[in-house]
Structures are given as C-alpha cells and as structure tokens.
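Colleague: Using only what follows, build the 3D model:
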Amino acid sequence: MKAVVLDGLNEISLKSVDQDKLKSNELLIRVEAAGICGSDRHILHGTYPANYPVILGHEFSGIIEDVGSSSKFKVGERVNVNPNIACGNCLPCKTNLINLCRNNIAHGVNRNGGLADFVAVPETQLFKLPLSLPAEVGAFCEPIACCIQGLDLANVKPGDSVAIIGGGVIGQLMVQLVKRAGADVILLSTRQKIRREMAESLGASHTIDPQNLSSNDSFIGVEGVAPGGFDVVLECAGTKETLQQSLDIVRLGGTVILFGVMPQNEVFEIKPFDIFVRQIRLQGSFTGSAVHSKAVDMVAKQSLTLLPLITHLVGFEEVPKLLLGNPLSGEVKTIAKPA
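Modeller: As a prediction, this is how the structure comes out:
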C-alpha cells in the first residue's frame, strides 16, 4: 500500500509499505480522508516528540475493511478514529484525565497513522459516522475534539467576550464553538484578510489584523467592545508574540488558554507579578481524547460549518512536498485523500 512515511528528522516520502497486520481487537480501516495539521510539521522538524519511522496522520476517517475475529462494527461502515490510545492505568487515567495519559500512544506520532491507504486501529478508538456525510468532514473530528477540550477548560459562558488569536482551522472552529456557547463578543485576530472574512461569515462579531490589536482602544479601551480586556483569550497561533498579546488583552481575573503548539524547546519570558496582581489564569490545553465522542456527535449532526474550511484537497503524493514547504497561500484546512 502507499503511505506517507517519516523516516527521520526532515526525511519524509510517499512509499510502498506492507499493510498493517491486525492484532487482537484491531480493525482494518480503508482511509478516506486525512487532515494535515500544524503538528505534523512540528513532528517532521523535530519540534514535537515522535517515534521514527512512522506513517504520519492523526486526523482521519475511513471505511471498515476488515473486522478481524469479531467486532461490534461491520465491514463497510464509516468510522472516525480517536488517535490517542490511553493506557487506563496511570494516575491521570485513573483521575479522569485520559488526555494527559503518561503512556499515551498516538496514531501518526508513535504508531502508524492515517496518511496511508489502510491502517489498523484498536476497536476502542473507533466512532461510527453516517455514510451520508461527505467523506472529508470525518477528518475534522480530532481538531474539533481538541477545541472542545480547550473551551471546557476556558468555561466560556453566555455573554462573555472572547478573543481568538490565530485564523487557521482551529481559530475558525473556535469562532463557531464559542458562538454556540453564547459568547456575546467574538473577536478573531489574524493577518490574512481572507481568514478574517471567513471568520465573520462563521459568526465572529469583530476581526482585526494582530498588529493593531493590543493598542486598539475600540476593543479593550473604556469605550471598547471589551472594556478593560476580554473575559477569555484563546491563543491558537503558537508563537511567543501571540502569547504575549493574549496576556496583554485579557481582563483582570480573565483566562488565557494556551492552545497553539509551540516548539517543545521554546522559552517564553513571563512577569509573575503581572499574573499575580491581575489574577490571570493561564491554562494549557492538550489533545481532545477525553471529549472525542462529543466531536463525533457534532460532526454526525452537522452542527458546524466544515466544508468551506477546506481550502485545499491534495493527494497523498503531494503531502511530503507540502509539509516540507511553507503553508499554502490562503490555507485554512488541507485534506489529503488516497488515489
């Protein structure tokens, strides 16, 4: 079968490999669509830990090809995959923090992922999706789950003001989710005009170029839409500059969710007294494995606008060049499909 294989640091190619052999309680999935994530670039460049060699792809859905010895699923059913396999035995798992499992094994990171014609997946990781849905939307379940995890931690309430920094697919999903949560003011900050326009069409009440955000009185000034700062700031860009900006625009006693992925060795200088005297809550958010079923339910019920977020459709053969290069012009979400 064909697969996008990461053999080492910056060593990626499409190659023919043996099809996964099913182990006990595993099913064989014929991949229909796989999302390209910013984390894939971090893995490729060594700024996010992974095992080599590995087939990339942690956002994917497909059709059941083989159920092995027995299963509650049937051949021909469409399923989405929760890529994070928790051990169930460590302290986080036993205290209902399975997304922080110390022994987590993830498809596309520690074991073969969905950028392949076929992949073997434990039955525990599968969630049924309707065949009536466009195949591409199934690949959104994992990023939506991550967003839900972050918003649960943020505790967005009706009437809140929320700033979302970063206009990629996560930012566009966050706009829709915070609107569903009842936020009154929803600001999205991103450099690209096309992303600002998309966010406005999805429910953002305001958009802005980030270079004008921190000093813009129309937002956090006394007469602004979020006087004194935003109740919640969702940092979805993953840079030191946007993290600092998040801290600058959150209100006294507000919450900043650190959602964007920075390189694992990145260092950010912080002023503890500023956090202390403003009583800011700075909260990390890692994966969405604990709430994956909620994301699948939202996709199955078509609760979110997803197809317009797909700005590029590519074949697996295009993925290595794509990941080695810069993000595509106007890219929000790229979905890869097998030949």
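Colleague: mind listing the strands in the stretch 151-300 of the chain by residue range?
Modeller: 161-165, 185-189, 206-208, 230-235, 250-258, 281-284 (DSSP state E, counting those that start in this stretch).
Colleague: Let me see the mean pLDDT of the second one.
Modeller: Throughout strand 185-189, pLDDT has a mean value of 96.
Colleague: now the helices for the stretch 1-150 of the chain?
Modeller: 38-45, 91-94, 141-154 (DSSP state H, counting those that start in this stretch).
Colleague: Need the contact partners of the second one.
Modeller: Counting by C-beta atoms under 8 Å, 6 or more residues apart in numbering, helix 91-94 makes contact with A86, C87, I98, N99, L100, C101, R102, all of which sit outside it. All C-beta spots, glycine's among them, are computed from the backbone N, C-alpha and C.
Colleague: Now that we have these, which of them are buried?
Modeller: Listed as buried from those are A86, I98, N99, L100, C101; burial here means 16 or more other C-beta atoms under 10 Å.
Colleague: and these, which two are the farthest apart?
Modeller: Farthest-apart pair in the buried ones among the contacts of helix 91-94 is A86 and L100; separation 9.0 Å (C-beta to C-beta).
Colleague: Can you lay out the contacts of helix 91-94 as CSV showing pLDDT and distance to D7?
Modeller: Below are those laid out as CSV (pLDDT from 0 to 100; distance: C-beta to C-beta, whole Å):
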residue, pLDDT, distance to D7
A86, 97, 27
C87, 97, 27
I98, 96, 30
N99, 96, 29
L100, 97, 29
C101, 97, 27
R102, 97, 27
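Colleague: L173: which of the residues you listed is nearest?
Modeller: Distances from L173 to those, taken by C-beta to C-beta, are shortest for N99, at 17.4 Å.
Colleague: okay if I get the strands of the stretch 151-300 of the chain as TSV plus distance to C146 and mean neighbour count?
Modeller: Formatted as TSV, the strands of the stretch 151-300 of the chain follow (distance: least, C-beta to C-beta, whole Å; neighbours: other C-beta atoms under 10 Å):
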stretch	distance to C146	mean neighbour count
strand 161-165	14	29
strand 185-189	17	27
strand 206-208	22	19
strand 230-235	12	28
strand 250-258	11	20
strand 281-284	12	14
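Colleague: So for Y52, which of these sits nearest?
Modeller: Of all the strands of the stretch 151-300 of the chain, strand 281-284 comes closest under C-beta to C-beta, at 26.1 Å.
Colleague: which residues does E65 contact?
Modeller: E65 touches L27, L28, I29, R30, V75, F118, counting by C-beta under 8 Å, 6+ apart.
Colleague: any idea which of those residues is closest to G150?
Modeller: I29 (27.1 Å).
Colleague: Report pLDDT for the residue nearest to T207 when sequence neighbours are not counted.
Modeller: Nearest residue to T207 in three dimensions, chain neighbours excluded: R196, at 3.8 Å (C-beta to C-beta, 6 or more residues apart in numbering). Confidence at R196, expressed as pLDDT, is 96.
Colleague: Look up how far V121 lies from the nearest residue to I98 once chain neighbours are set aside.
Modeller: The shortest distance from I98 to any non-neighbouring residue, by C-beta to C-beta, 6+ apart, is to A86 (4.2 Å). For A86, the distance to V121 (C-beta to C-beta, to the nearest Å) stands at 14 Å.
Colleague: How about L14?
Modeller: Taken as C-beta to C-beta, the span from L14 to V121 is 21 Å.
Colleague: That'll do, ta.
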